[in-house]
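Asks: just a sequence and a predicted model for now, questions to come.
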There are 2 protein chains.
Amino acid sequence: MEVIQSVQELRLKLDESKYTLNEKNSTDRKMIGFIPTMGFLHAGHASLLQQAREECDIVVLSIFVNPLQFGPNEDFEVYPRDTERDLIMAREAGIDYVFMPAVLEMYPEPIKTIIQVSKLTDSLCGASRPGHFDGVATIVAKLLHIVEPDRVYFGMKDAQQVAVITQMIKDLHMRAIVVPCAIVRDEDGLAMSSRNVYLAPEERKQALVLSQALQKVNLWLENNGEIASLEQYLKAFIQTAPIAEIDYVKALSYPSLTEIDHIKDLKFGERLIVALAVKFGRTRLIDNTLIEVNPERSE
Amino acid sequence: MEVIQSVQELRLKLDESKYTLNEKNSTDRKMIGFIPTMGFLHAGHASLLQQAREECDIVVLSIFVNPLQFGPNEDFEVYPRDTERDLIMAREAGIDYVFMPAVLEMYPEPIKTIIQVSKLTDSLCGASRPGHFDGVATIVAKLLHIVEPDRVYFGMKDAQQVAVITQMIKDLHMRAIVVPCAIVRDEDGLAMSSRNVYLAPEERKQALVLSQALQKVNLWLENNGEIASLEQYLKAFIQTAPIAEIDYVKALSYPSLTEIDHIKDLKFGERLIVALAVKFGRTRLIDNTLIEVNPERSE
């Protein structure tokens, strides 16, 4: 495993290792898998690393806390970092290259170019965190241009991020394929997140209400397909946790992230996403579940 | 020469031809040169094709009138097209691949992703044509992702476009190198443009005032380095052509496109651009000249 700080050096290494001769003396292009992260890796990240390792010839992990995607009052400065532990996890996962650029390496001067993905960013975290997805799309585009991967891995906890990046790649004819990976949960159901480390014990306990709420979605929809009443029900359920402060509780068509009134209004090929953002103390957590439409149910 | 309509097919062809074995049985990557155009090629384009042919192994020309960069009241519908003549010129220039996608090939559904380059687009054509450079940056990014060139060629008649694309490529860590090519002029001085075909004989005659004005810049600056008075002088000169309708006459630091008061205020490494946009009848023409700062002059 090599740890690389410089864009130039990573490019050189990848260029050198990307092409090999096969037995017929013609060129084989090795498949590059890429996992962009902000570090402080947990079991959710580990599942991405493992899947990339299984599917690709060369696996690149990036660790970069991207200032561009944090709002002025958000947690950029205090975002948890533990490089030593991250590198141990990366080594155990068999990663080939860990790219850990400094902020000045990625932004040598103030950036003038921003990538905006409209529509998909109007709701959910896009509404709560103005500019967040511009920052995400822009840094992911930068990293994709540097690494030039065949496959790029993202966790579905950030389902809106997956929708936004998939749209950007399609709209801009970028080459990478997005591989969305299932949410990994702690034994008690809490979705893995680097920000869970912020939670005090009582906050963590009350935060379990999120995954518990999502577990009730399927049963509720069997009796009532109205989206408004589902959202109302979930809000009431979440508010049984006294310190829970709801940012949003929304059910939308996925991945278009469009509003629907009833589960049976889902467009062909889309699923229902039920997405939550809730603060426990000063920590904002997100979670979601995706519901396949059962044709019988939608009749 | 192959003419290709499909993104998929162009990618396949380029992938197949990009890598070859050298004598040492290792892989050589061929250098790809790319000239993105809107077709209706003239001698200015021909100079780009020729330079690319001299410098690169594989040369790709794209012809695509991009609806995204035209405003609602601009000339997208009537923009001149002559595919047959374009293909003859491409063949004569020794182009390998001509990429001529339909609008639906480039925009199979309404695009949600837009690339915005700020600051550089506030002035000149960016001010006169809102959204124009978003459309330019976005289509160029799409084409760069499809062609993956080493070198991309642009004419300096669109000097602001060169500044914007160079900034985008740097900010997003794209791989291509921008090669700016000198303005090509007709014998009488008129800068080559596909839109010159719109000009009636009298309009074309009066349009010569643009290149004549630009020829006076150097001499003027030797006597007076004040930018405001240079602009005033040029405006008065252009208005000696009775039908000339000035959109802008601006002198800025290039490529940052920042305002300066005096020629001696130019930042190190920058040049002065004197840029004009003037309507003759219904046809809007642009032209410009770049002035190297003479250290003696700026003292």
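Replies: That came in fine, so what should we check first?

Asks: now the helices for chain A?
Replies: Secondary structure of chain A (DSSP state H): helices located at A:7-18, A:43-55, A:83-92, A:103-106, A:124-128, A:132-147, A:159-171, A:201-215, A:217-223, A:227-238, A:295-298.

Asks: point out where the stretch 1-150 of chain A drops to low pLDDT.
Replies: A:21, A:25-26 (pLDDT under 70).

Asks: what number of residues are in the vicinity of the residue in it positioned nearest to chain B?
Replies: The minimum distance from the stretch 1-150 of chain A to chain B, using Cβ to the nearest Cβ, falls at residue A:113 (3.7 Å). Bear in mind the C-beta positions are built from the backbone N, C-alpha and C, glycine included. Residue A:113 has 22 neighbours, counted by other Cβ atoms under 10 Å in any protein chain shown.

Asks: show me what contacts the closest residue to it other than its chain neighbours?
Replies: Leaving aside its sequence neighbours, residue A:113 sits nearest to residue B:171 (Cβ to Cβ, 6 or more residues apart in numbering or on different chains; 3.7 Å). Residue B:171 makes contact with A:111-113, A:142, B:117 under the criterion Cβ atoms under 8 Å, 6 or more residues apart in numbering or on different chains.

Asks: the same query, at a cut-off of 7 Å, please.
Replies: A:111-113 (Cβ atoms under 7 Å, 6 or more residues apart in numbering or on different chains).

Asks: how near is it to residue B:34?
Replies: Counting by Cβ to Cβ, to the nearest Å, the separation of residue B:171 from residue B:34 is 19 Å.

Asks: may I have the beta-bridge partners of residue A:29?
Replies: Assessed by DSSP bridges, residue A:29 has beta-bridge partners residue A:19.

Asks: wouldn't residue A:114 be in contact with residue A:137 here?
Replies: No - applying Cβ atoms under 7 Å, one finds residue A:114 not in contact with residue A:137, separated by 8.2 Å.

Asks: have a look at the two and say which one is more surrounded.
Replies: Between residue A:114 and residue A:137, counted using other Cβ under 10 Å, residue A:137 has the larger neighbour count: 27 against 19.

Asks: so the residue nearest to the more buried one when sequence neighbours are not counted bridges to which residues?
Replies: Spatial nearest neighbour of residue A:137, chain neighbours left out: residue A:115 (4.2 Å); criterion: Cβ to Cβ, 6+ apart. The partner list for residue A:115 in beta bridges (DSSP bridges) reads residue B:115.

Asks: what is the burial count for residue A:115?
Replies: A total of 28 residues lie near residue A:115 under the criterion other Cβ under 10 Å.

Asks: enumerate the residues of the stretch 51-200 of chain A near chain B.
Replies: Counting by Cβ under 7 Å from any Cβ of the partner chain, the stretch 51-200 of chain A comes close to chain B at A:111-120, A:141-142, A:145-146, A:167-168, A:171-175.

Asks: try 10 Å
Replies: Within the stretch 51-200 of chain A, the positions near chain B by Cβ under 10 Å from any Cβ of the partner chain are A:106-121, A:134, A:137-139, A:141-148, A:164, A:167-176.

Asks: which of those residues are buried?
Replies: Among these, those scoring as buried are A:106-107, A:111-117, A:119-121, A:134, A:137-139, A:141-148, A:164, A:167-169, A:171-174, A:176 (criterion: 16 or more other Cβ atoms under 10 Å in any protein chain shown).

Asks: so who does residue A:76 touch?
Replies: A:38, A:65-70 (Cβ atoms under 10 Å, 6 or more residues apart in numbering or on different chains).

Asks: quick check: the farthest pair among those residues?
Replies: Farthest apart among those by Cβ to Cβ are A:38 and A:68. That separation is 11.8 Å.

Asks: distance from the chain centre to stretch A:80-87, please.
Replies: 19 Å (Cα atoms, centre = their mean, to the nearest Å).

Asks: likewise for stretch A:18-29?
Replies: Its chain's C-alpha centre and that of stretch A:18-29 lie 34 Å apart, by Cα atoms, centre = their mean.

Asks: which neighbours do residue A:38 and residue A:68 share?
Replies: In contact with both residue A:38 and residue A:68: A:76, A:139, using Cβ under 10 Å, 6+ apart.

Asks: by proximity to chain B, which residue of the stretch 151-299 of chain A wins?
Replies: For the stretch 151-299 of chain A, Cβ to the nearest Cβ, closest residue to chain B: residue A:171, 3.7 Å.

Asks: okay, that residue: pLDDT?
Replies: pLDDT recorded at residue A:171 is 98.

Asks: which neighbours do residue A:114 and residue A:137 have in common?
Replies: A:68, B:115.
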